[in-house]
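**Q** sharing a model prediction with you, sequence too.
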Amino acid sequence: MSSVSLLLAKLITEAGYPTPISPVTTGDTPYTSAVKFEDLNLSPELLKGLYIQMNFEKPSKIQSISLQMILTPPFKNLIAQAHNGSGKTTCFVLGMLSRVDPKLIAPQALCICPTRELAIQNMEVLLKMGKYTGITSELALPTDNKKDYISVSKRAPVIAQVIIGTPGTINKWIKAKKLGTSQMKILVFDEADHMLAESGFREDSVRAMKEIVKECPNCQVLLFSATFNDKVKDFISNNIKVIFKEEYNELFVKKEELSLESLKQFKVKVPDELSKIIVIKDKIMEIAEKVGQTIIFVRTRRSAEILHEALVKYGYEVTTIQGSLTLEHRDKIVKEFKDGLTQVLISTDLLTRGFDQSKVNLVVNYDLPVNHECDTKPDNEVYLHRIGRAGRFGRKGAVFNLLCGDTDEMIMKKIEHHFNHYVTEVPSWKSDEDFEDALKKAGLM
DNA sequence: AAAAAAT
(Lines give C-alpha, C1' and ligand atoms only; values in the text may rest on other atoms or scores of the structure.)
Protein backbone atom coordinates (compact mmCIF):
# COMPACT_ATOMS: atom_id res chain seq x y z
CA MET A 1 0.00 0.00 0.00
CA SER A 2 1.35 3.40 -0.88
CA SER A 3 1.78 6.15 1.69
CA VAL A 4 -1.19 7.93 0.13
CA SER A 5 -3.44 4.97 0.83
CA LEU A 6 -2.19 4.77 4.37
CA LEU A 7 -3.01 8.43 4.78
CA LEU A 8 -6.45 7.81 3.35
CA ALA A 9 -7.02 4.83 5.62
CA LYS A 10 -6.12 7.03 8.57
CA LEU A 11 -8.46 9.80 7.47
CA ILE A 12 -11.27 7.35 7.02
CA THR A 13 -10.83 6.07 10.54
CA GLU A 14 -10.83 9.59 11.88
CA ALA A 15 -14.08 10.29 10.07
CA GLY A 16 -15.59 7.73 12.41
CA TYR A 17 -15.87 4.79 10.08
CA PRO A 18 -14.04 1.67 11.22
CA THR A 19 -14.53 0.32 7.76
CA PRO A 20 -13.19 -2.82 6.12
CA ILE A 21 -13.08 -1.01 2.78
CA SER A 22 -9.49 -0.87 1.66
CA PRO A 23 -8.62 1.85 -0.83
CA VAL A 24 -5.75 1.45 -3.23
CA THR A 25 -4.75 4.50 -5.18
CA THR A 26 -2.27 4.88 -7.98
CA GLY A 27 -0.42 8.09 -8.65
CA ASP A 28 -0.02 10.89 -6.17
CA THR A 29 -3.42 12.54 -6.03
CA PRO A 30 -4.19 13.02 -2.34
CA TYR A 31 -7.73 12.24 -1.25
CA THR A 32 -9.46 13.06 1.99
CA SER A 33 -12.76 11.49 2.91
CA ALA A 34 -15.80 13.73 2.84
CA VAL A 35 -17.55 14.18 6.16
CA LYS A 36 -20.28 16.40 4.75
CA PHE A 37 -21.69 16.73 1.24
CA GLU A 38 -20.46 20.33 1.38
CA ASP A 39 -16.90 18.98 1.31
CA LEU A 40 -17.44 17.82 -2.27
CA ASN A 41 -17.73 21.08 -4.23
CA LEU A 42 -21.17 20.07 -5.47
CA SER A 43 -23.34 22.65 -7.18
CA PRO A 44 -25.99 24.32 -4.97
CA GLU A 45 -28.65 22.70 -7.16
CA LEU A 46 -27.26 19.24 -6.46
CA LEU A 47 -26.96 19.88 -2.73
CA LYS A 48 -30.56 21.02 -2.72
CA GLY A 49 -31.54 17.77 -4.44
CA LEU A 50 -29.65 15.73 -1.86
CA TYR A 51 -31.20 17.44 1.13
CA ILE A 52 -34.70 18.25 -0.06
CA GLN A 53 -35.50 15.48 -2.52
CA MET A 54 -33.43 12.64 -1.07
CA ASN A 55 -33.55 13.69 2.60
CA PHE A 56 -29.88 12.82 2.98
CA GLU A 57 -27.92 14.20 5.89
CA LYS A 58 -24.36 13.13 5.35
CA PRO A 59 -22.41 10.77 3.11
CA SER A 60 -22.38 7.06 3.91
CA LYS A 61 -19.06 5.23 4.23
CA ILE A 62 -18.69 4.37 0.58
CA GLN A 63 -19.93 7.80 -0.44
CA SER A 64 -17.47 9.67 1.74
CA ILE A 65 -14.57 7.69 0.34
CA SER A 66 -15.50 7.19 -3.30
CA LEU A 67 -17.01 10.58 -4.06
CA GLN A 68 -13.72 12.35 -3.47
CA MET A 69 -12.07 9.88 -5.83
CA ILE A 70 -14.75 10.39 -8.46
CA LEU A 71 -14.94 14.17 -8.24
CA THR A 72 -11.33 15.22 -7.70
CA PRO A 73 -9.42 16.07 -10.86
CA PRO A 74 -7.73 14.47 -12.67
CA PHE A 75 -10.83 12.30 -12.97
CA LYS A 76 -9.52 8.78 -12.59
CA ASN A 77 -11.24 5.52 -13.29
CA LEU A 78 -12.53 3.72 -10.25
CA ILE A 79 -13.25 0.10 -9.35
CA ALA A 80 -15.38 0.26 -6.22
CA GLN A 81 -16.88 -2.45 -4.08
CA ALA A 82 -19.22 -1.73 -1.20
CA HIS A 83 -21.82 -3.57 0.85
CA ASN A 84 -25.37 -4.02 -0.34
CA GLY A 85 -27.64 -1.16 0.61
CA SER A 86 -24.77 1.16 1.45
CA GLY A 87 -25.49 3.79 -1.17
CA LYS A 88 -23.51 2.96 -4.29
CA THR A 89 -26.19 4.39 -6.57
CA THR A 90 -25.81 7.81 -4.98
CA CYS A 91 -22.07 7.66 -5.67
CA PHE A 92 -22.34 7.21 -9.39
CA VAL A 93 -25.47 9.30 -9.87
CA LEU A 94 -23.77 12.21 -8.11
CA GLY A 95 -20.71 11.50 -10.20
CA MET A 96 -22.69 11.69 -13.43
CA LEU A 97 -24.64 14.80 -12.44
CA SER A 98 -21.47 16.58 -11.34
CA ARG A 99 -19.47 15.81 -14.42
CA VAL A 100 -22.13 16.89 -16.95
CA ASP A 101 -21.79 20.38 -18.38
CA PRO A 102 -25.40 21.66 -18.25
CA LYS A 103 -24.78 24.03 -21.15
CA LEU A 104 -23.57 21.34 -23.52
CA ILE A 105 -26.51 19.68 -25.28
CA ALA A 106 -25.06 16.22 -25.94
CA PRO A 107 -24.76 12.84 -24.21
CA GLN A 108 -22.04 13.20 -21.58
CA ALA A 109 -22.75 10.47 -19.04
CA LEU A 110 -23.73 6.86 -19.62
CA CYS A 111 -24.75 4.20 -17.11
CA ILE A 112 -25.03 0.57 -18.18
CA CYS A 113 -27.10 -1.83 -16.05
CA PRO A 114 -27.92 -5.55 -16.23
CA THR A 115 -31.71 -5.26 -16.20
CA ARG A 116 -34.44 -2.89 -17.33
CA GLU A 117 -35.74 -2.77 -13.79
CA LEU A 118 -32.43 -1.56 -12.41
CA ALA A 119 -32.00 1.02 -15.17
CA ILE A 120 -35.47 2.40 -14.44
CA GLN A 121 -34.73 2.50 -10.71
CA ASN A 122 -31.42 4.30 -11.27
CA MET A 123 -33.18 6.80 -13.52
CA GLU A 124 -35.70 7.50 -10.76
CA VAL A 125 -32.82 8.31 -8.40
CA LEU A 126 -31.15 10.50 -11.01
CA LEU A 127 -34.34 12.46 -11.69
CA LYS A 128 -34.94 13.00 -8.00
CA MET A 129 -31.40 13.93 -7.08
CA GLY A 130 -30.92 16.08 -10.16
CA LYS A 131 -34.31 17.74 -9.98
CA TYR A 132 -32.95 21.29 -9.60
CA THR A 133 -30.04 20.92 -12.02
CA GLY A 134 -31.97 21.06 -15.27
CA ILE A 135 -29.81 18.21 -16.59
CA THR A 136 -31.63 16.09 -19.15
CA SER A 137 -31.75 12.31 -19.26
CA GLU A 138 -33.10 9.38 -21.24
CA LEU A 139 -33.50 5.65 -20.77
CA ALA A 140 -31.99 3.36 -23.39
CA LEU A 141 -34.16 0.26 -23.02
CA PRO A 142 -35.85 -2.26 -25.27
CA THR A 143 -39.49 -1.51 -26.01
CA ASP A 144 -42.31 -3.96 -26.47
CA ASN A 145 -41.75 -4.61 -30.13
CA LYS A 146 -45.34 -5.52 -30.86
CA LYS A 147 -46.98 -2.13 -30.66
CA ASP A 148 -45.54 1.24 -31.65
CA TYR A 149 -42.12 -0.17 -32.35
CA ILE A 150 -39.81 2.44 -33.82
CA SER A 151 -36.79 1.04 -35.58
CA VAL A 152 -33.46 2.50 -34.49
CA SER A 153 -32.82 4.09 -37.85
CA LYS A 154 -36.02 6.10 -37.61
CA ARG A 155 -35.53 7.49 -34.14
CA ALA A 156 -34.03 10.92 -33.48
CA PRO A 157 -30.45 11.15 -32.23
CA VAL A 158 -30.12 11.26 -28.46
CA ILE A 159 -29.63 14.78 -27.13
CA ALA A 160 -30.15 13.98 -23.44
CA GLN A 161 -27.09 14.59 -21.27
CA VAL A 162 -27.34 11.45 -19.15
CA ILE A 163 -28.27 8.04 -20.59
CA ILE A 164 -29.11 5.01 -18.49
CA GLY A 165 -29.88 1.66 -20.05
CA THR A 166 -29.14 -1.99 -20.80
CA PRO A 167 -26.22 -3.18 -22.95
CA GLY A 168 -28.08 -4.37 -26.05
CA THR A 169 -30.00 -1.18 -26.64
CA ILE A 170 -27.05 1.06 -25.82
CA ASN A 171 -24.77 -0.74 -28.27
CA LYS A 172 -27.49 -0.72 -30.88
CA TRP A 173 -27.91 3.03 -30.54
CA ILE A 174 -24.17 3.62 -30.63
CA LYS A 175 -23.79 1.43 -33.71
CA ALA A 176 -26.63 3.23 -35.47
CA LYS A 177 -24.93 6.56 -34.65
CA LYS A 178 -27.98 7.62 -32.67
CA LEU A 179 -26.06 7.81 -29.41
CA GLY A 180 -23.01 10.00 -29.89
CA THR A 181 -20.02 9.15 -27.74
CA SER A 182 -17.75 12.06 -28.65
CA GLN A 183 -18.63 14.20 -25.61
CA MET A 184 -18.74 11.38 -23.07
CA LYS A 185 -17.22 12.38 -19.73
CA ILE A 186 -18.24 9.52 -17.49
CA LEU A 187 -19.18 5.89 -18.12
CA VAL A 188 -20.66 3.83 -15.30
CA PHE A 189 -21.13 0.08 -15.05
CA ASP A 190 -23.62 -0.75 -12.32
CA GLU A 191 -23.26 -4.34 -11.05
CA ALA A 192 -19.95 -4.22 -12.88
CA ASP A 193 -18.80 -7.72 -11.91
CA HIS A 194 -21.87 -9.19 -13.57
CA MET A 195 -21.48 -6.91 -16.56
CA LEU A 196 -17.94 -8.25 -17.01
CA ALA A 197 -18.49 -11.89 -16.02
CA GLU A 198 -17.91 -14.58 -18.59
CA SER A 199 -21.48 -15.79 -18.47
CA GLY A 200 -22.82 -12.29 -18.18
CA PHE A 201 -22.66 -9.34 -20.47
CA ARG A 202 -18.94 -9.35 -21.06
CA GLU A 203 -18.80 -8.85 -24.85
CA ASP A 204 -21.42 -6.10 -24.87
CA SER A 205 -19.80 -4.27 -21.97
CA VAL A 206 -16.27 -4.44 -23.29
CA ARG A 207 -17.42 -3.34 -26.74
CA ALA A 208 -19.17 -0.25 -25.36
CA MET A 209 -16.25 0.57 -23.07
CA LYS A 210 -13.65 0.27 -25.85
CA GLU A 211 -15.75 2.30 -28.27
CA ILE A 212 -16.26 5.15 -25.82
CA VAL A 213 -12.71 5.23 -24.48
CA LYS A 214 -11.38 5.22 -28.05
CA GLU A 215 -13.56 8.21 -28.91
CA CYS A 216 -12.97 9.98 -25.58
CA PRO A 217 -9.67 8.96 -24.00
CA ASN A 218 -10.39 11.15 -20.98
CA CYS A 219 -13.76 9.57 -20.25
CA GLN A 220 -13.84 8.43 -16.64
CA VAL A 221 -14.96 4.82 -16.14
CA LEU A 222 -16.57 3.68 -12.90
CA LEU A 223 -17.12 0.02 -12.00
CA PHE A 224 -19.47 -0.47 -9.06
CA SER A 225 -20.68 -3.66 -7.36
CA ALA A 226 -21.10 -5.35 -3.99
CA THR A 227 -19.23 -8.38 -5.31
CA PHE A 228 -16.10 -8.97 -7.36
CA ASN A 229 -15.09 -12.64 -7.28
CA ASP A 230 -11.54 -13.74 -8.09
CA LYS A 231 -12.39 -14.70 -11.67
CA VAL A 232 -13.81 -11.27 -12.43
CA LYS A 233 -10.94 -9.55 -10.61
CA ASP A 234 -8.52 -11.50 -12.82
CA PHE A 235 -10.42 -10.49 -15.92
CA ILE A 236 -10.35 -6.86 -14.84
CA SER A 237 -6.62 -7.05 -14.09
CA ASN A 238 -5.80 -8.68 -17.40
CA ASN A 239 -8.21 -6.96 -19.76
CA ILE A 240 -9.81 -3.86 -18.29
CA LYS A 241 -6.86 -2.22 -16.62
CA VAL A 242 -5.19 -2.28 -20.03
CA ILE A 243 -8.04 -0.20 -21.39
CA PHE A 244 -7.75 2.09 -18.35
CA LYS A 245 -4.08 2.52 -19.23
CA GLU A 246 -2.60 4.79 -16.63
CA GLU A 247 -4.14 5.57 -13.32
CA TYR A 248 -7.15 4.21 -11.55
CA ASN A 249 -8.36 3.84 -7.98
CA GLU A 250 -9.68 0.73 -6.29
CA LEU A 251 -11.85 0.07 -3.26
CA PHE A 252 -12.39 -3.51 -2.14
CA VAL A 253 -14.03 -5.35 0.75
CA LYS A 254 -12.89 -8.79 1.95
CA LYS A 255 -15.47 -11.46 1.15
CA GLU A 256 -15.58 -12.52 4.79
CA GLU A 257 -16.71 -9.01 5.68
CA LEU A 258 -19.50 -8.68 3.15
CA SER A 259 -22.35 -10.19 5.18
CA LEU A 260 -24.54 -7.49 6.60
CA GLU A 261 -24.58 -7.27 10.42
CA SER A 262 -28.21 -6.20 10.50
CA LEU A 263 -29.37 -9.29 8.60
CA LYS A 264 -30.10 -12.51 10.45
CA GLN A 265 -29.81 -15.59 8.26
CA PHE A 266 -31.57 -18.92 8.86
CA LYS A 267 -31.75 -22.33 7.29
CA VAL A 268 -34.81 -24.54 7.33
CA LYS A 269 -34.44 -28.23 6.54
CA VAL A 270 -37.45 -29.77 4.82
CA PRO A 271 -38.00 -33.42 3.81
CA ASP A 272 -39.08 -32.90 0.19
CA GLU A 273 -39.97 -30.36 -2.48
CA LEU A 274 -43.66 -30.37 -1.61
CA SER A 275 -42.94 -29.32 1.96
CA LYS A 276 -41.18 -26.22 0.63
CA ILE A 277 -44.55 -25.04 -0.64
CA ILE A 278 -46.07 -25.90 2.74
CA VAL A 279 -43.45 -23.83 4.56
CA ILE A 280 -44.12 -20.87 2.27
CA LYS A 281 -47.87 -21.23 2.74
CA ASP A 282 -48.07 -21.95 6.47
CA LYS A 283 -45.07 -20.04 7.77
CA ILE A 284 -43.72 -17.45 5.39
CA MET A 285 -47.08 -16.09 4.22
CA GLU A 286 -48.22 -15.74 7.82
CA ILE A 287 -44.97 -14.08 8.90
CA ALA A 288 -44.94 -11.81 5.86
CA GLU A 289 -48.18 -10.21 6.99
CA LYS A 290 -46.48 -9.01 10.15
CA VAL A 291 -42.95 -8.04 9.23
CA GLY A 292 -43.18 -6.00 6.06
CA GLN A 293 -42.51 -6.88 2.47
CA THR A 294 -41.02 -10.18 1.37
CA ILE A 295 -39.21 -11.46 -1.71
CA ILE A 296 -39.10 -15.19 -2.46
CA PHE A 297 -36.31 -16.16 -4.85
CA VAL A 298 -36.63 -19.21 -7.08
CA ARG A 299 -34.23 -20.73 -9.58
CA THR A 300 -36.33 -20.98 -12.71
CA ARG A 301 -39.21 -19.20 -14.38
CA ARG A 302 -41.14 -22.44 -14.26
CA SER A 303 -40.78 -22.91 -10.51
CA ALA A 304 -41.84 -19.29 -10.07
CA GLU A 305 -45.02 -20.16 -11.93
CA ILE A 306 -45.64 -23.35 -9.98
CA LEU A 307 -45.18 -21.68 -6.60
CA HIS A 308 -47.32 -18.75 -7.68
CA GLU A 309 -50.16 -20.97 -8.81
CA ALA A 310 -50.03 -23.09 -5.67
CA LEU A 311 -50.21 -20.05 -3.38
CA VAL A 312 -53.03 -18.47 -5.35
CA LYS A 313 -54.91 -21.77 -5.18
CA TYR A 314 -54.56 -21.69 -1.39
CA GLY A 315 -56.06 -18.20 -1.43
CA TYR A 316 -52.94 -16.10 -0.82
CA GLU A 317 -52.13 -12.88 -2.57
CA VAL A 318 -48.76 -12.95 -4.28
CA THR A 319 -47.29 -11.52 -7.42
CA THR A 320 -44.47 -12.89 -9.52
CA ILE A 321 -41.85 -11.35 -11.75
CA GLN A 322 -39.64 -13.14 -14.27
CA GLY A 323 -38.15 -12.44 -17.65
CA SER A 324 -40.71 -14.14 -19.85
CA LEU A 325 -43.49 -11.78 -18.79
CA THR A 326 -44.27 -8.83 -21.05
CA LEU A 327 -42.35 -5.67 -20.27
CA GLU A 328 -45.59 -3.93 -19.45
CA HIS A 329 -46.47 -6.66 -16.96
CA ARG A 330 -43.00 -6.54 -15.39
CA ASP A 331 -43.30 -2.78 -14.90
CA LYS A 332 -46.72 -3.18 -13.32
CA ILE A 333 -45.55 -5.84 -10.86
CA VAL A 334 -42.54 -3.76 -9.77
CA LYS A 335 -44.60 -0.60 -9.43
CA GLU A 336 -47.25 -2.33 -7.30
CA PHE A 337 -44.56 -3.75 -5.04
CA LYS A 338 -42.71 -0.46 -4.71
CA ASP A 339 -45.98 1.31 -3.96
CA GLY A 340 -46.61 -1.18 -1.18
CA LEU A 341 -49.75 -2.53 -2.83
CA THR A 342 -48.36 -6.07 -2.71
CA GLN A 343 -46.60 -7.70 0.21
CA VAL A 344 -45.03 -10.85 -1.19
CA LEU A 345 -43.17 -11.04 -4.46
CA ILE A 346 -41.85 -14.20 -6.09
CA SER A 347 -38.87 -13.54 -8.33
CA THR A 348 -36.24 -15.25 -10.42
CA ASP A 349 -32.76 -13.76 -10.33
CA LEU A 350 -34.19 -10.85 -12.32
CA LEU A 351 -34.42 -8.80 -9.12
CA THR A 352 -31.37 -10.31 -7.43
CA ARG A 353 -29.16 -7.33 -8.03
CA GLY A 354 -29.70 -3.74 -7.04
CA PHE A 355 -33.44 -3.80 -6.46
CA ASP A 356 -34.02 -1.26 -3.72
CA GLN A 357 -37.18 -1.32 -1.67
CA SER A 358 -36.58 -0.27 1.91
CA LYS A 359 -39.66 -2.05 3.24
CA VAL A 360 -38.33 -5.50 2.31
CA ASN A 361 -37.49 -7.13 5.65
CA LEU A 362 -37.63 -10.74 4.62
CA VAL A 363 -35.91 -12.68 1.85
CA VAL A 364 -36.57 -16.35 1.21
CA ASN A 365 -34.34 -18.57 -0.86
CA TYR A 366 -36.92 -21.08 -2.04
CA ASP A 367 -34.09 -22.54 -4.12
CA LEU A 368 -30.48 -21.94 -3.16
CA PRO A 369 -28.45 -20.08 -5.78
CA VAL A 370 -26.23 -22.58 -7.57
CA ASN A 371 -23.41 -22.28 -10.05
CA HIS A 372 -24.79 -22.56 -13.59
CA GLU A 373 -22.04 -24.89 -14.70
CA CYS A 374 -22.13 -27.16 -11.70
CA ASP A 375 -25.31 -27.32 -9.66
CA THR A 376 -23.65 -28.81 -6.60
CA LYS A 377 -21.62 -25.62 -6.15
CA PRO A 378 -23.12 -22.45 -4.70
CA ASP A 379 -23.24 -19.13 -6.50
CA ASN A 380 -21.91 -17.06 -3.62
CA GLU A 381 -22.31 -13.76 -5.38
CA VAL A 382 -25.95 -14.36 -6.22
CA TYR A 383 -26.53 -15.42 -2.61
CA LEU A 384 -25.09 -12.19 -1.29
CA HIS A 385 -27.02 -10.03 -3.75
CA ARG A 386 -30.30 -11.82 -3.02
CA ILE A 387 -30.09 -11.46 0.74
CA GLY A 388 -29.01 -7.86 0.26
CA ARG A 389 -32.55 -7.04 -0.92
CA ALA A 390 -33.45 -7.00 2.78
CA GLY A 391 -31.82 -4.84 5.40
CA ARG A 392 -31.24 -1.81 3.17
CA PHE A 393 -29.20 0.93 4.82
CA GLY A 394 -28.66 -0.96 8.05
CA ARG A 395 -32.30 -1.86 8.63
CA LYS A 396 -33.13 -5.16 10.32
CA GLY A 397 -33.92 -8.12 8.13
CA ALA A 398 -34.25 -11.90 8.07
CA VAL A 399 -33.36 -14.52 5.49
CA PHE A 400 -34.79 -18.04 5.33
CA ASN A 401 -32.99 -20.61 3.21
CA LEU A 402 -35.09 -23.69 2.43
CA LEU A 403 -32.89 -26.79 2.26
CA CYS A 404 -34.12 -30.03 0.78
CA GLY A 405 -31.67 -32.92 0.81
CA ASP A 406 -27.95 -33.45 1.33
CA THR A 407 -26.86 -31.42 -1.69
CA ASP A 408 -28.68 -28.33 -0.43
CA GLU A 409 -27.14 -28.78 3.01
CA MET A 410 -23.69 -29.06 1.49
CA ILE A 411 -24.21 -25.97 -0.67
CA MET A 412 -25.40 -24.04 2.37
CA LYS A 413 -22.28 -25.09 4.28
CA LYS A 414 -20.10 -23.87 1.45
CA ILE A 415 -21.86 -20.51 1.44
CA GLU A 416 -21.42 -20.21 5.21
CA HIS A 417 -17.76 -21.05 4.84
CA HIS A 418 -17.23 -18.64 1.96
CA PHE A 419 -18.54 -15.66 3.89
CA ASN A 420 -17.27 -16.98 7.23
CA HIS A 421 -20.74 -16.44 8.58
CA TYR A 422 -22.76 -19.03 10.48
CA VAL A 423 -26.39 -19.45 9.43
CA THR A 424 -28.71 -20.41 12.28
CA GLU A 425 -30.86 -23.50 11.88
CA VAL A 426 -34.59 -23.31 12.51
CA PRO A 427 -35.10 -26.51 14.57
CA SER A 428 -38.36 -27.65 12.98
CA TRP A 429 -39.97 -26.62 9.73
CA LYS A 430 -43.34 -27.47 11.22
CA SER A 431 -43.11 -25.29 14.31
CA ASP A 432 -44.74 -21.85 14.33
CA GLU A 433 -42.84 -21.04 17.52
CA ASP A 434 -39.50 -21.76 15.86
CA PHE A 435 -40.24 -19.28 13.11
CA GLU A 436 -41.45 -16.68 15.59
CA ASP A 437 -38.28 -17.24 17.57
CA ALA A 438 -36.24 -16.62 14.45
CA LEU A 439 -38.02 -13.34 13.80
CA LYS A 440 -37.37 -12.28 17.39
CA LYS A 441 -33.68 -13.06 16.93
CA ALA A 442 -33.72 -10.97 13.77
CA GLY A 443 -35.29 -8.10 15.70
CA LEU A 444 -38.38 -8.11 13.53
CA MET A 445 -40.86 -8.95 16.30
C1' DA B 1 -30.58 -20.99 -15.34
C1' DA B 2 -31.53 -16.19 -15.83
C1' DA B 3 -30.41 -11.99 -17.04
C1' DA B 4 -30.39 -8.39 -22.40
C1' DA B 5 -31.73 -8.52 -27.10
C1' DA B 6 -32.53 -9.65 -31.68
C1' DT B 7 -34.10 -12.95 -34.68
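**A** Received it, and whenever you're ready, just let me know what you need.

**Q** how about low-confidence regions in the stretch 1-150 of chain A?
**A** A:1-22, A:26-27, A:145-149 (pLDDT under 70).

**Q** for DNA strand B, what is the nearest residue in it?
**A** Among all residues of the stretch 1-150 of chain A, A:Pro142 sits closest to DNA strand B, at 3.3 Å; criterion: CB to the nearest atom of the strand. All C-beta spots, glycine's among them, are computed from the backbone N, C-alpha and C.

**Q** and that residue, that one's in a strand?
**A** No: judged by DSSP: H, G, I helix; E, B strand; the rest coil, A:Pro142 forms no part of a strand; its state is coil.

**Q** wait, A:Tyr31 touches A:Gln68, no?
**A** Yes: under the criterion of CB atoms under 8 Å, A:Tyr31 makes contact with A:Gln68 at 4.6 Å.

**Q** picking up where we left off before, which residues are in contact with the residue of the stretch 1-150 of chain A closest to DNA strand B?
**A** Residues counted as contacts of A:Pro142 (CB atoms under 8 Å, 6 or more residues apart in numbering) are A:Arg116, A:Thr166, A:Gly168, A:Thr169, A:Leu327.

**Q** what's the farthest-apart pair in the residues you listed?
**A** The largest separation in the contacts of A:Pro142, counting by CB to CB, is between A:Gly168 and A:Leu327 at 13.4 Å.

**Q** related to what we said a few turns ago, let me know the closest of the contacts of A:Pro142 to DNA strand B.
**A** A:Gly168 (1.9 Å).

**Q** tell me, how many residues neighbour the closest one?
**A** By the measure other CB atoms under 10 Å, the count of residues near A:Gly168 is 13.

**Q** quick one: it and A:Val268, what's the gap?
**A** When CB to CB, to the nearest Å is the yardstick, A:Gly168 and A:Val268 sit 39 Å from each other.

**Q** so what pLDDT did A:Ser199 get?
**A** If you check A:Ser199, the pLDDT there is 85.

**Q** so it sits right up against A:His372, yeah?
**A** Yes: using CB under 8 Å, A:Ser199 is in contact with A:His372, at 6.2 Å.

**Q** what subset of the contacts of A:Pro142 is also close to DNA strand B?
**A** Subset of these in contact with DNA strand B: A:Arg116, A:Thr166, A:Gly168, A:Thr169, counting by CB under 7 Å from any atom of the strand.

**Q** how many neighbours does the nearest residue to A:Gln121 once chain neighbours are set aside have?
**A** The spatially closest residue to A:Gln121, leaving aside those adjacent along the chain, is A:Asp356, at 6.2 Å (CB to CB, 6 or more residues apart in numbering). Applying other CB under 10 Å, we find 19 residues neighbouring A:Asp356.

**Q** right, and A:Asn249 touches A:Thr72 too?
**A** No: counting by CB under 8 Å, A:Asn249 does not reach A:Thr72; the two are 9.9 Å apart.

**Q** all strands in the stretch 251-400 of chain A, in order from the N-terminus.
**A** A:263-270, A:293-297, A:319-321, A:344-347, A:360-365, A:397-404 (DSSP state E, counting those that start in this stretch).

**Q** now those strands in CSV, please, with extra columns for mean neighbour count.
**A** Shown next, in CSV, are the strands of the stretch 251-400 of chain A (neighbours: other CB atoms under 10 Å):
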stretch, mean neighbour count
strand A:263-270, 22
strand A:293-297, 25
strand A:319-321, 21
strand A:344-347, 24
strand A:360-365, 25
strand A:397-404, 25
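
**Q** DNA strand B contacts on the stretch 201-350 of chain A?
**A** Counting by CB under 7 Å from any atom of the strand, the positions of the stretch 201-350 of chain A adjacent to DNA strand B are A:Phe201, A:Asp204, A:Arg299, A:Thr300, A:Arg301, A:Arg302, A:Gln322, A:Gly323, A:Ser324, A:Thr348, A:Asp349, A:Leu350.

**Q** reformat those residues as a markdown table; add neighbour count.
**A** Shown next, in a markdown table, are these (neighbours: other CB under 10 Å):
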| residue | neighbour count |
| --- | --- |
| A:Phe201 | 21 |
| A:Asp204 | 16 |
| A:Arg299 | 17 |
| A:Thr300 | 12 |
| A:Arg301 | 15 |
| A:Arg302 | 12 |
| A:Gln322 | 22 |
| A:Gly323 | 13 |
| A:Ser324 | 11 |
| A:Thr348 | 20 |
| A:Asp349 | 19 |
| A:Leu350 | 21 |
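
**Q** out of those, who's nearest A:Glu381?
**A** A:Asp349 (10.7 Å).
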